[in-house]
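Peer 1: build me a model:
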Amino acid sequence: MKLWPFNTLIVQLTLLVIAALVAAQMISLWLFVDERSLAIRAALGFEAAGRAANVARLLENAPAEAQSAILEAADSPLVRFKLSSRPTVAVDDYSDGGVVEMRVRRLLGDNKDRDIRVELRQVEGKILPLPHLSGEMAEMHMAMMKGELSAVEMNLSIALSDGDWLNVETRFERPPLQWPFYSTLTFAVSAALILIVVFWFLLTRLTGPLRRLASASERLGRGEAVLELPVAGPLEARNLTKAFNQMQKRLTRFVADRTRLLAALGHDLKSPLTAMRVRAEMVDDEETRGSLIACVEEMQSMVESTITFSRGLINSEDTELVEVGEFLASLQKDIVDPFQITHGPKIQVRIRPMAFRRALRNLIENALRYGGDTTVIYEAQHQLLVVSVLDDGPGIPEEQLEQVFEPFFRLEESRSLETGGHGLGLSISRTIARAHGGDVTLSNRDGGGLAAQIKIPLSEDVSLSGEKNNRAMPG
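Peer 2: As a prediction, this is how the structure comes out:
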């Protein structure tokens, strides 16, 4: 299954930025809600403590007949006051209320002698409102809290001067999670601005130089001339571009020096060979003269092949976009011995026509010479053009399948030029294929015969149809 465009750098980085923004926003929202909840609880706790201290002071200063009225007036839906002879907070349940107890003592102006007990208890899950709420108030409360209450229940017992206890019970709910409109708008605007900056940076500063580098590398692999790339982008991209430019210069210089050396060597050998041929004509013994002349002619032929081989290394020919089927049909007309072409889908490939023609011609003529009936199949496999030349000959020993690509190596032991050639055909074919960014391989077919495959990469501007109908090479 193809993952495009999710496997591209810009999409992956964009998704990563969006995910980071969402995660940061969720954490910020959670912290905001938690702090907001703590602030509300603290405010409610201070308010309940202040009311309890005021009610306790009123009860201590009011006559007994007024105490009921004071308690009734102090009650609210979430805070209840009761006057009793015993505290609701037992000694065992007492917990240090901290700021709540300190606030009550400060408001009452008492020292540590007064007994003030605070019990705090966390309440989680689906719970009902306080039982003293009216039906309508309870429904409104449940609707506001959405039925999910996370609360702190506080029970407060304050000892009065007459020996009675003021018992206070209240509950502080955690507010439900809310996502205000302005928070959403702020997140959307921030995300949009960040994504615009990220897109601009990726498109102009990062992915642009990387795309140019990938395209230049592909053209260089096919043997095309590549101009020096402009150095742009962040430091890493600039260093990568500089390294590519240096590598390209070194490769070009190395190939050019090697080619000139080989061509000069072949050219310089022609003069002494010509002199040797003249001197051989002067030998009186006819048999010796004939043997010497044959040797000199063979050496001259090898020199000519060497010069031709060196010219095949020079990338002077411009590349062209050709249709493979038509290209092979044209080659079929130029080769005297007949061979078959199994036509596949229409495939266009960018090649140096004369060089690639020579590479295929060498493979086909070798197959016709040593294997008899020959069939040529072409297809596209994984962005590669694969041309297979199949024959029905005896094949090649497995240990020599690579050795035959060495220059001047011949399996035919007679050393006759009519039957064995100079041993440069396969070397030239592989050199041309590798100059196109591909290769030539040999393998023995099941049931007899040899399969020679030349593979070169399809360029970005390739036009390919009917790829699903590609055939696999027969065994």
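Peer 1: SS state for N155?
Peer 2: Following DSSP: H, G, I helix; E, B strand; the rest coil, N155 is assigned to strand.
Peer 1: give the contact list for it.
Peer 2: T88, V89, D93, V118, E119, R121, N167, V168, E169 (Cβ atoms under 8 Å, 6 or more residues apart in numbering). Bear in mind the C-beta positions are built from the backbone N, C-alpha and C, glycine included.
Peer 1: now list the buried members of those residues.
Peer 2: Buried members of the contacts of N155, scored by 16 or more other Cβ atoms under 10 Å, are T88, V89, V118, E119, N167, V168, E169.
Peer 1: quick one: list the elements packing against the helix or strand where the fifth one lies.
Peer 2: Think N167. The secondary structure element spanning N167 is strand 165-173 (assigned by DSSP states H and E). With contacts taken as 3 or more Cβ pairs under 8 Å, 6 or more residues apart in numbering; DSSP states H and E, strand 165-173 sits against helix 9-61, strand 79-84, strand 151-159.
Peer 1: direction included, what does that strand pair against?
Peer 2: Strands adjacent to strand 165-173 in the sheet, as given by DSSP bridges, are strand 79-84 (antiparallel), strand 151-159 (antiparallel).
Peer 1: that older thread, TSV for the buried ones among the contacts of N155, including pLDDT?
Peer 2: Formatted as TSV, the buried ones among the contacts of N155 follow (pLDDT from 0 to 100):
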residue	pLDDT
T88	87
V89	84
V118	83
E119	82
N167	90
V168	89
E169	87
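Peer 1: pick the one among those closest to P209.
Peer 2: V118 (67.1 Å; Cβ to Cβ).
Peer 1: three-state assignment of that closest one?
Peer 2: Per three-state DSSP, V118 ends up strand.
Peer 1: shouldn't it be in contact with V100?
Peer 2: Yes: with contact defined as Cβ atoms under 8 Å, V118 reaches V100; the gap is 5.3 Å.
Peer 1: now do the strands in the stretch 351-475 of the chain.
Peer 2: 374-381, 384-391, 439-444, 450-457 (DSSP state E, counting those that start in this stretch).
Peer 1: got the ones you listed as a markdown table, with distance to P230 columns?
Peer 2: What follows is the strands of the stretch 351-475 of the chain, written out as a markdown table (distance: least, Cβ to Cβ, whole Å):
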| stretch | distance to P230 |
| --- | --- |
| strand 374-381 | 33 |
| strand 384-391 | 30 |
| strand 439-444 | 31 |
| strand 450-457 | 25 |
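Peer 1: right, and these - which one's nearest M302?
Peer 2: Using Cβ to Cβ, the strands of the stretch 351-475 of the chain put strand 439-444 closest to M302, at 21.7 Å.
Peer 1: what comes into contact with the closest one?
Peer 2: For strand 439-444, contacts defined as Cβ under 8 Å, 6+ apart pick out 359, 363, 395-396, 398, 401, 404-405, 426, 429-430, 433, 450-455.
Peer 1: likewise stretch 382-392?
Peer 2: 324, 328, 347, 349, 360, 363-364, 367-368, 370-380, 438, 445, 448-458, 473-474.
Peer 1: for it, which positions count as buried?
Peer 2: L384, L385, V386, V387, S388, V389, L390, D391, D392.
Peer 1: cool, stretch 277-287 as well?
Peer 2: By neighbour count on 16+ other Cβ under 10 Å, the buried set for stretch 277-287 is R277, A280.
Peer 1: and it, end to end?
Peer 2: 15 Å (Cα to Cα, to the nearest Å).
Peer 1: tell me which element Q122 falls in.
Peer 2: Using DSSP H and E, Q122 falls in strand 116-123.
Peer 1: what packs against that strand?
Peer 2: Strand 116-123 packs on helix 99-108, strand 151-159, going by 3+ Cβ pairs under 8 Å, 6+ apart.
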